[in-house]
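**Student:** I would like the atomic coordinates for the input below:
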Amino acid sequence: MVGRVERPQKRPRRVRIASRKREVYILRQHHGSLTRPKPGEGITIHFHDSSNNLIKTIEGNDGDSLLDLAHEHDIDMEGACEGSVACSTCHVILTPEHYDKLEEPEDDENDMLDMAFGLTDTSRLGCQVKLSKDLEGMIVTLPSATRNFFVDGKLNSTRRLLLHP
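**Tutor:** The predicted structure is shown next:
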């Protein structure tokens, strides 16, 4: 053929998933494999704002993350990295009673928490806190501000954005 260049067929792109946690998160988020507990049968969690006002009480299943539950119930927790432990936008503050029931944070979580606004002794990343029966009645407090809180072209009205920490 004169004047025509044959192009090689495009191969499908391979997407590499950084970790098993991320893969599970993607599957759960995009394939709807989460089933909600019947009222009264789940693990009850109370989300509060920084002034200790109740935002919402929800129920989750054993193994659900606070970040997933917050997103599912329209609670303002960003999670910019979608649970891959690469930011601190899902920073939460727990009561000492419930904080002590969790496993110690991994080094990568501690590294991200160091960048969180309003860090406390009982701070954790919501993406890393998984529900279990012994967390029944846990109070989860959202800090008054977070870094990198700009989602879908709008700024949340209840929390401040720190532009220059």
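**Student:** Strands of this protein, start to end?
**Tutor:** Shown for the chain, the strands assigned by DSSP state E span residues 43-48, 54-60, 91-94, 123-125, 138-141, 145-146, 160-161.
**Student:** what sits against the residue lying closest to Lys56 once chain neighbours are set aside?
**Tutor:** Nearest residue to Lys56, sequence neighbours excluded (Cβ to Cβ, 6 or more residues apart in numbering): Phe47, at 5.2 Å. (C-beta placed from N, C-alpha, C; glycine too.) For Phe47, the contact set (Cβ atoms under 8 Å, 6 or more residues apart in numbering) comprises Leu54, Ile55, Lys56, Thr57, Ile58, Ala70, Ile75, Val140, Thr141, Leu142.
**Student:** nearest to Gly83, of the residues you listed?
**Tutor:** When those are compared for distance to Gly83 (Cβ to Cβ), Ala70 wins out at 11.2 Å.
**Student:** Contact partners for the closest one?
**Tutor:** Counting by Cβ under 8 Å, 6+ apart, Ala70 has contacts Phe47, Asp76, Met77, Gly79, Cys90, Gly126.
**Student:** now swap in Ala116 and tell me
**Tutor:** Ala116 neighbours (Cβ under 8 Å, 6+ apart): Ser88, His91, Ser123, Pro143, Thr146, Arg147.
**Student:** Minimum pLDDT in those residues, which residue is that?
**Tutor:** Across the contacts of Ala116, the bottom pLDDT score, 68, is held by Arg147.
**Student:** Counting neighbours, which of the contacts of Ala116 comes out on top?
**Tutor:** His91 (26 neighbours; other Cβ atoms under 10 Å).
**Student:** was I right about that one contacting Asp114?
**Tutor:** No: if you go by Cβ atoms under 8 Å, His91 and Asp114 don't touch, sitting 10.8 Å apart.
**Student:** JSON lines please, covering the contacts of Phe47 and showing distance to Asp108 and pLDDT.
**Tutor:** Shown next, in JSON lines, are the contacts of Phe47 (distance: Cβ to Cβ, whole Å; pLDDT from 0 to 100):
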{"residue": "Leu54", "distance to Asp108": "31", "pLDDT": "96"}
{"residue": "Ile55", "distance to Asp108": "28", "pLDDT": "95"}
{"residue": "Lys56", "distance to Asp108": "29", "pLDDT": "96"}
{"residue": "Thr57", "distance to Asp108": "30", "pLDDT": "96"}
{"residue": "Ile58", "distance to Asp108": "27", "pLDDT": "94"}
{"residue": "Ala70", "distance to Asp108": "20", "pLDDT": "93"}
{"residue": "Ile75", "distance to Asp108": "24", "pLDDT": "92"}
{"residue": "Val140", "distance to Asp108": "21", "pLDDT": "97"}
{"residue": "Thr141", "distance to Asp108": "23", "pLDDT": "96"}
{"residue": "Leu142", "distance to Asp108": "22", "pLDDT": "95"}
